[in-house]
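*Asks:* compute the structure for the input listed below.
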Amino acid sequence: MTTTILLVGHGSRNQAGNDEIQDFRQQWQALHPDWRIELCYIELAEVLLDEGLRRAAQDADKVIVVPLILSAAGHVKAEIPGHIAKARERFPGVEFIYAPHIGANEDVLKILQKNLKSVMHTLAMPDPKTTGVIILGRGSSDRVANGELAKMARWLYELTEHELVDVAFTGITHPRLESIVQRQVRLGMTQIAILPYYLFTGLLIERIALQVARLQNQYPQTAIACGRYFGFDKNIFTLLDQRVTEAVAPIAPKMLACDGCQYREQAMQHDHHHH
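*Replies:* Numbers count the residues shown, from 1 in each chain. Sure, this is the predicted structure:
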């Protein structure tokens, strides 16, 4: 039996971001030389989902679709499953298994802890009680996806001595970074550690760097430092290994991760009424 693993990245207008996803695939492949790992993107880069699924299905009995996505919103809950459903019709002899996205879990928490420690070193290890932490995510119209960041903030708070661990978003929803920095300064924080909740570089990472530089000028009395995104952290590779292992386990459910989800069904009905 031949199995193809199809890694699905988001895709970026910034070619450097797409290059990093390709680099990630190559590194993951090097860890598993006996696996057949292919790559496609949801948008903004080639190869897109339909073509990626077609290529993955060639000479394969089974395709494991692994989203390289942190939070589950429309792409994970509706778009990827929709393309997989079409692929099942086009290639009835191939079994398609949809693995869960990365999610907010203990492995991601370990990455945040590591990045916070690194930022604290950059700030010369100040008192955590007067060092605010901001987990900075993309933001989504899906409140569950936004809530995942809030969960990580709470978990990080419980494992550290920082009195303020907040979330902020770069777009789509609130609060934004500027508001939270303003709040933390008002509450007496003399240092602020910003932890980007992103996998790879891209236009938004570049914007964050500009925003942080501007905020540092705005608040010269407060030391502000920003951590790195975490796509190449070993915990991400470990998580994806688990996704593949669970996907081929005999007891694993062979259904879409969102099959039966009331929110997905509502979203699909909404889309249907607008076509």
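*Asks:* residues touching Gln29, list them.
*Replies:* Trp35, Ile37 (C-beta atoms under 8 Å, 6 or more residues apart in numbering). C-beta: built from backbone N, CA, C; applies to glycine.
*Asks:* go on, Ile111?
*Replies:* By C-beta under 8 Å, 6+ apart, Ile111 lies in contact with Phe230, Asp233, Asn235, Ile236.
*Asks:* can you count the residues close to the second one?
*Replies:* Spelled out, that is Asp233. Close neighbours of Asp233, defined as other C-beta atoms under 10 Å, add up to 18.
*Asks:* pretty sure it is touching Lys114, no?
*Replies:* Yes - contact criterion C-beta atoms under 8 Å: Asp233 and Lys114 qualify, at 7.3 Å.
*Asks:* ranges for the helices of the stretch 1-150 of the chain?
*Replies:* For the stretch 1-150 of the chain, the helices defined by DSSP state H, counting those that start in this stretch cover 15-31, 49-57, 74, 80-90, 106-122, 143-159.
*Asks:* can you tell me which of the ones you listed is nearest to Ile135?
*Replies:* helix 143-159 (5.2 Å; C-beta to C-beta).
*Asks:* which elements pack onto the closest one?
*Replies:* In terms of contacts (3 or more C-beta pairs under 8 Å, 6 or more residues apart in numbering; DSSP states H and E), helix 143-159 is packed against helix 106-122, strand 131-137, strand 165-169.
*Asks:* same thing but at 6 Å, please
*Replies:* When contacts are defined as 3 or more C-beta pairs under 6 Å, 6 or more residues apart in numbering; DSSP states H and E, helix 143-159 sits against strand 131-137, strand 165-169.
*Asks:* ok, and what's touching that helix?
*Replies:* Residues from elsewhere that reach helix 143-159, judged by C-beta atoms under 6 Å, 6 or more residues apart in numbering: Ser71, Ala73, Ala104, Leu109, Leu112, Ile135, Gly137, Ser140, Val165, Val167, Thr173.
*Asks:* need the worst-confidence member of those.
*Replies:* Ranked by pLDDT, the contacts of helix 143-159 bottom out at Ala73 (85).
*Asks:* what about that residue, distance to Thr4?
*Replies:* Using C-beta to C-beta, to the nearest Å, we find Ala73 at a distance of 26 Å from Thr4.
*Asks:* any weak-confidence spans in the stretch 101-250 of the chain?
*Replies:* Where the stretch 101-250 of the chain drops to pLDDT under 70, the residues are 250.
*Asks:* as CSV, the helices of the stretch 1-150 of the chain with distance to Gln182 would be great.
*Replies:* As requested, the helices of the stretch 1-150 of the chain are exported to CSV (distance: least, C-beta to C-beta, whole Å):
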stretch, distance to Gln182
helix 15-31, 29
helix 49-57, 40
helix 74, 31
helix 80-90, 37
helix 106-122, 19
helix 143-159, 18
